[in-house]
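>>> Whatever this is, show me its structure:
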Amino acid sequence: MSVPTVIDHNSTKHSPELAYWMVKAAALAYRDETTVERTAREWGFDRVRHHHTRFTPPFPLQDTQAYTIASDKMIITGFRGTEPAQIKDWLSDATTPPVPGPAKTGFVHYGFGEALDSVFPTVKEALADFRDNDQSVWFTGHSLGGALAMLAGCRLYLEAPRLQADGIYTYGQPRTCERTLAASCNKGFKDRLHRYVNNNDIVPQLPPEPVYTHVDTLHYIDASGRIRNSMPLLGALTDRVKGATADLLAPASDALRDHPIKHYVTAMEKNLS
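Okay, the predicted model is just below:
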C-alpha cells in the first residue's frame, strides 16, 4: 500500500489511510493560519475557519487554537497541541479538582474543560455553518489537541447530536475524564473513536489514575513502529522496555522522545507501506 497523495473526502469508516490523513491534519494544527489555508486548498477543502481562545482562564492553557476546514463531502476540525515540557507538571497535579462534563455527564480535567470552553462556541458555529450537504465530520488532535478533540466530540454527541462527529482521531492524548464520561463516549462512538499511543509516550499516562481514565479504543505503536490494535499485557510491558532501552545513551528520555507529532506521522506513514 502506497502513501496516498489525496485525501478521500468520501471516507466514512476507519482505515489506515484515514488515520494517516487525520494525523496529518493534527500536525497541520501546529502551523500558522496562512499555511493552514494553503494546505486546506491543496487537500480539496474550500472553506476554512480559525478558532482562538476567547478568554484567559486562570490556568496555563491560555493559547488554545484550532481550525475547521470543509468541502462538499467532508469537514475536519483539528486542535493544536503543545509540548510535554509545557504540560507535564500540571498534568501530574492531582490537587486540581475535576469539573462537571458535557451535559453534566461525569467529570473532566479542569484545564481541558476550560481550554475547550474557550473555543467550543466558534467550533460549533463553524460546523453548523459548513455542514450544508450532510458532510461527514471528523475531529483530530495531538497531545492537548487530542484531549480537546475527544472532549469536543463527546460534547457534541451529548449536547448537539445533529453535529455528532463521524470519527475522532487522537495521537498522544492525555487522560481527560473519569469513568462515567468515558463509558458514555464508548457507547456513543463505539468503533469511531481512535486513540493512538506511541510506545512509551508519557503524556497518555497522565493525569494520574484512578481519577482520570481513557476511552476503550487503543492503537498501540510498538517499539518497531508497527501499529497493534491489541497487545497482551506481558507483550506490552516487554515492548515498552525494548523502546526504553533503544537509545542506550539516553534511555530515560524515551517517554518524552516518543511524544512529538512527527513520530506519529512517521508511524502512520510506515504502516501504509
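>>> show me where the stretch 101-250 of the chain has helices.
When secondary structure is read from DSSP state H, counting those that start in this stretch, the stretch 101-250 of the chain shows helices at 110-130, 144-159, 179-189, 233-244.
>>> Please identify the most buried of these.
Highest mean neighbour count among the helices of the stretch 101-250 of the chain (mean count of other CB atoms under 10 Å): helix 144-159, with a mean of 27. No exception for glycine: its C-beta is placed from N, CA and C like everyone else's.
>>> what's it packed up against?
helix 16-28, strand 74-79, helix 110-130, strand 136-142, strand 167-171, helix 179-189, strand 193-198 (3 or more CB pairs under 8 Å, 6 or more residues apart in numbering; DSSP states H and E).
>>> Would you mind giving the ones you listed as TSV with distance to residue 99 added?
Formatted as TSV, the helices and strands packed on helix 144-159 follow (distance: least, CB to CB, whole Å):
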stretch	distance to residue 99
helix 16-28	25
strand 74-79	19
helix 110-130	5
strand 136-142	20
strand 167-171	20
helix 179-189	11
strand 193-198	22
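>>> rewinding a little: mind checking the helices of the stretch 101-250 of the chain for the one nearest to residue 25?
Closest of the helices of the stretch 101-250 of the chain to residue 25 is helix 144-159, at 10.0 Å (criterion: CB to CB).
>>> Who are the contact partners of residue 197?
Contacts for residue 197 (CB atoms under 8 Å, 6 or more residues apart in numbering) come out as 172, 204, 218, 219, 220, 221.
>>> same thing with residue 214?
By CB under 8 Å, 6+ apart, the residues touching residue 214 are 173, 175, 182, 195, 204.
>>> Which helix or strand in this structure has the lowest average pLDDT?
Ranked by mean pLDDT, DSSP states H and E, the weakest helix or strand in the chain is helix 233-244, scoring a mean of 42.
>>> closest one to residue 160 among the helices and strands packed on helix 144-159?
Closest of the helices and strands packed on helix 144-159 to residue 160 is helix 110-130, at 6.6 Å (criterion: CB to CB).
>>> Any idea how far the closest one is from the middle of the chain?
Distance of helix 110-130 from the chain centroid (CA atoms, centre = their mean, to the nearest Å) equals 15 Å.
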